[in-house]
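Trainee: quick one: sequence and predicted model below, then my questions.
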Protein chains: 2
Amino acid sequence: MVATTSAQDTAVARAARLRAIDVDLHPQITDWGKIAPYAPAGQRHRMTRSSGPPMAKHGFKQVGVPFGTAPRPTSADGKPGPPAADPRWVQEHYLDARGVDLAILTTDLTSLGVQPNIDVAAAVASAINDWTLAEWVRPSERFKGSLLVAQQDTASAVAEIDRLGDDPGLVQVLMSSASESPLGRRQYHPIYAACVRHGLPLALHSGGEGAGMSPPATAVGHPSTHFEWYGSLPQIYMAHIMSMITEGVFEKFPTLKVVLYEGGIGWLPHIMWRFDKNWKAQRAETPWVKEPPSAYILRHFSSTTDPLEALPGPALAALCAMIEAERTLLFAGNFPHWELGDPFAMLDELPSALRRRVTVENALALYGERLLRPNVAAGAH
Amino acid sequence: MVATTSAQDTAVARAARLRAIDVDLHPQITDWGKIAPYAPAGQRHRMTRSSGPPMAKHGFKQVGVPFGTAPRPTSADGKPGPPAADPRWVQEHYLDARGVDLAILTTDLTSLGVQPNIDVAAAVASAINDWTLAEWVRPSERFKGSLLVAQQDTASAVAEIDRLGDDPGLVQVLMSSASESPLGRRQYHPIYAACVRHGLPLALHSGGEGAGMSPPATAVGHPSTHFEWYGSLPQIYMAHIMSMITEGVFEKFPTLKVVLYEGGIGWLPHIMWRFDKNWKAQRAETPWVKEPPSAYILRHFSSTTDPLEALPGPALAALCAMIEAERTLLFAGNFPHWELGDPFAMLDELPSALRRRVTVENALALYGERLLRPNVAAGAH
């Protein structure tokens, strides 16, 4: 036995005590004036309007009760305020109230990767990253950040990953799943090289599909309603997964891990086994794809719990087995976007043997010791 | 008991004797000069080039052995000829050899619905329909035709359905799944009204995705290879299904049935249960969607067996149960496109209790007596 250091002892002890790790908490930006100072000087003026920088938006808007049953503070005017604007309020009313020990922040800027002005997009990413570190991550060991990048300018995305990739407060690189091109295309490979260089998983979050430079949100054109649009979003993940596998991303970057946010899990068996079948007949076209696609999928991709499909119980257990959820499924609290229900109720639907895997252990295995080390490096104060 | 007519007796007896109904046989066009005479006079000259009418094509091309293990005739030059150009050869070497009693013809023109010249597209549809009837369907009771239409011009598609919709040799309307817009959009509703008016299911066949006026073949842009492209095609079906349901097509046309060709089945539970969950929170946006989406899917859609995903046995049985395959799954021989394997081997993988349902009974239930009546109406000779 190798003697462990006291830092490792602390990490092991802390890991054992963890009740839940939430990989998906969305800080809300209510005042871009507070973000602007973190932007590069030449782009700061683009963020000083009250509505923030110029950003293309799609026309799909959730109906129903805003934020569902998520707790909300009372504003000065007596009305419900934004639930996720104040880190201290979130810590008390969400993390403490629901027994979440650690939360990974994922921003609300899900259309950044399809914004036409690539310099504004890069500046927004940098500003959000520094603001997140300063306002959320440094003051509390309960939050970890995602390193947001805009993939439409690979060079600036790589530079941003190299600027902050070793920061102890950041645990993954975050991009929009909305994209001009499928993410296996070679122009994106330097981003994956940077992820691997800094030991960071790549997170993709849906939400910008159909905005800005995005193709229509389905491969047969534009949906009509939020209901249709939102339900169709996993199609984008299917396209990205198969692009990354068929373009050989995981042969080139065998340690790269990818987390798919808010896409459910029910389509993964289809993708795995349709492409496995096709691979047998069609792999001469992509000789670098050495294993059946399902092997890459099960080894490189993780999914999140919110929203899980409304599966009848036995079907959910069967699907969890097919996708090896005991390794690949992560708990997403998705606070404060609770319009589709309480994310903890979705957890309760999982087979009980999976629960601690999903709420704690899979995240620890994926993000590693980075998740447990202090947010400020020793000597940095 | 009502006394049955002798025609009914014959149909019942014939149904009981059927060994297999193949809903997907692709006649090959090897000489457009033979199609041209069937085209409307004003468009005939567009089809007299040896390569046929001007048609946009995508750049994806199957690798591997052409037609896989499908039997092929020997051409005059001693080389393998086209397997599905001659109805008599197909009848002997495919239907008789494999025990298929009835086959529904589905053309090879899978990109017709995204051709830019809408008048050429409509003329091609009419010519192919009349050629199919004259050359394949009228001479043999073993073939039934599909009524091909090009959805980009609704008026001409409706006129074509009204022109031929009661022909005893045609059993369904056929459109490309490749489409400028999701098929729930209201411009397509007159086509569905015409299907219902003539008691014809609507068949969608993939293959034209990414060609002509189609958006990119995925919602994040163009795939790079046939392998990536072909595996991604079911995403188009997901988009169409959800468009048709959320736009209220099945409330408006409660008897409309839709057959999805070549998309597999593994993604249906995902679509069913993701949208069911969303429906609970989001249906205020589409108040005409009165039932959970899974109810419409199970009632209105059928799928075909070739290619089924390469599912491990228990997973295939579980998925068949989820999609009620005992009612919704149809045998597709997909002759001569056997690059992905022998379609009969795929049948063997199904739970044995399903086989006769899939090979015979589901098709009889879907297409009804039209499938068994003579191809030439009494008195038409």
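Mentor: That came through fine. Numbers count the residues shown, from 1 in each chain, chains lettered A, B, ... in the order given.
Trainee: which stretches in the stretch 101-250 of chain A count as helices?
Mentor: Using DSSP state H, counting those that start in this stretch, the helices of the stretch 101-250 of chain A run over A:118-132, A:154-164, A:189-197, A:226-232, A:234-246, A:249-252.
Trainee: most tightly surrounded among those helices?
Mentor: For the helices of the stretch 101-250 of chain A, the largest average neighbour count (mean count of other C-beta atoms under 10 Å in any protein chain shown) is found in helix A:234-246, namely a mean of 28. (Each C-beta comes from the backbone N, C-alpha and C, glycine too.)
Trainee: now check that helix, is it near chain B?
Mentor: Yes. On the criterion C-beta under 8 Å from any C-beta of the partner chain, helix A:234-246 is in touch with chain B at A:234-236, A:238-240, A:242-243, A:246.
Trainee: what of stretch A:65-81?
Mentor: Yes. Judged by C-beta under 8 Å from any C-beta, stretch A:65-81 and chain B are in contact via A:Gly68.
Trainee: could you give me the buried positions within that stretch?
Mentor: A:67-68, A:70-72, A:81 (16 or more other C-beta atoms under 10 Å in any protein chain shown).
Trainee: related to what we said a few turns ago, possible to save the residues of helix A:234-246 next to chain B as TSV with pLDDT?
Mentor: Converted to TSV, the residues of helix A:234-246 next to chain B look like this (pLDDT from 0 to 100):
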residue	pLDDT
A:Pro234	97
A:Gln235	97
A:Ile236	97
A:Met238	97
A:Ala239	97
A:His240	98
A:Met242	96
A:Ser243	98
A:Thr246	97
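Trainee: distance to B:Ala317 added to these, as a markdown table?
Mentor: Conversion of the residues of helix A:234-246 next to chain B to a markdown table gives the following (distance: C-beta to C-beta, whole Å):
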| residue | distance to B:Ala317 |
| --- | --- |
| A:Pro234 | 24 |
| A:Gln235 | 26 |
| A:Ile236 | 30 |
| A:Met238 | 24 |
| A:Ala239 | 29 |
| A:His240 | 30 |
| A:Met242 | 26 |
| A:Ser243 | 31 |
| A:Thr246 | 29 |
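Trainee: which of those lies closest to A:Arg186?
Mentor: Closest approach between these and A:Arg186, by C-beta to C-beta: A:Ser243, at 10.7 Å.
Trainee: contact partners for the closest one?
Mentor: A:Ser243 makes contact with A:182-185, B:218, B:220, B:223-224, B:228, according to C-beta atoms under 8 Å, 6 or more residues apart in numbering or on different chains.
Trainee: same question, A:Thr48
Mentor: A:32-33, A:36.
Trainee: now which of those residues would you call buried?
Mentor: For the contacts of A:Thr48, a burial check counting by 16+ other C-beta under 10 Å picks out A:32, A:36.
Trainee: for the contacts of A:Thr48, which one is nearest A:Ala365?
Mentor: Distances from A:Ala365 to those, taken by C-beta to C-beta, are shortest for A:Trp32, at 36.9 Å.
Trainee: okay, the spatially closest residue to that closest one that is not a sequence neighbour and A:Asp108: tell me how far apart.
Mentor: Nearest residue to A:Trp32, sequence neighbours excluded (C-beta to C-beta, 6 or more residues apart in numbering or on different chains): A:Gly52, at 3.7 Å. According to C-beta to C-beta, to the nearest Å, A:Gly52 and A:Asp108 sit 11 Å apart.
Trainee: any residues in contact with both of these two?
Mentor: By C-beta under 8 Å, 6+ apart, the residues touching both A:Gly52 and A:Asp108 are A:Ile29.
Trainee: now stretch A:44-64 - C-alpha only, CSV.
Mentor: Output of stretch A:44-64 as CSV, limited to C-alpha atoms (Å, rounded to 0.1, in the frame of the first residue of the first chain):
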residue,chain,number,x,y,z
ARG,A,44,-16.7,45.8,-23.3
HIS,A,45,-18.9,48.4,-24.8
ARG,A,46,-20.9,45.7,-26.6
MET,A,47,-22.2,44.4,-23.2
THR,A,48,-23.2,47.6,-21.6
ARG,A,49,-26.8,47.7,-22.9
SER,A,50,-29.2,46.5,-20.3
SER,A,51,-30.2,43.6,-22.6
GLY,A,52,-26.6,42.6,-23.0
PRO,A,53,-24.6,42.0,-26.1
PRO,A,54,-26.3,41.6,-29.5
MET,A,55,-27.3,37.9,-29.6
ALA,A,56,-29.4,36.1,-32.2
LYS,A,57,-32.3,34.3,-30.6
HIS,A,58,-34.8,31.8,-31.9
GLY,A,59,-38.5,32.3,-31.5
PHE,A,60,-39.4,29.4,-29.3
LYS,A,61,-40.6,30.2,-25.8
GLN,A,62,-41.7,27.8,-23.1
VAL,A,63,-45.4,28.1,-22.1
GLY,A,64,-46.7,27.3,-18.6
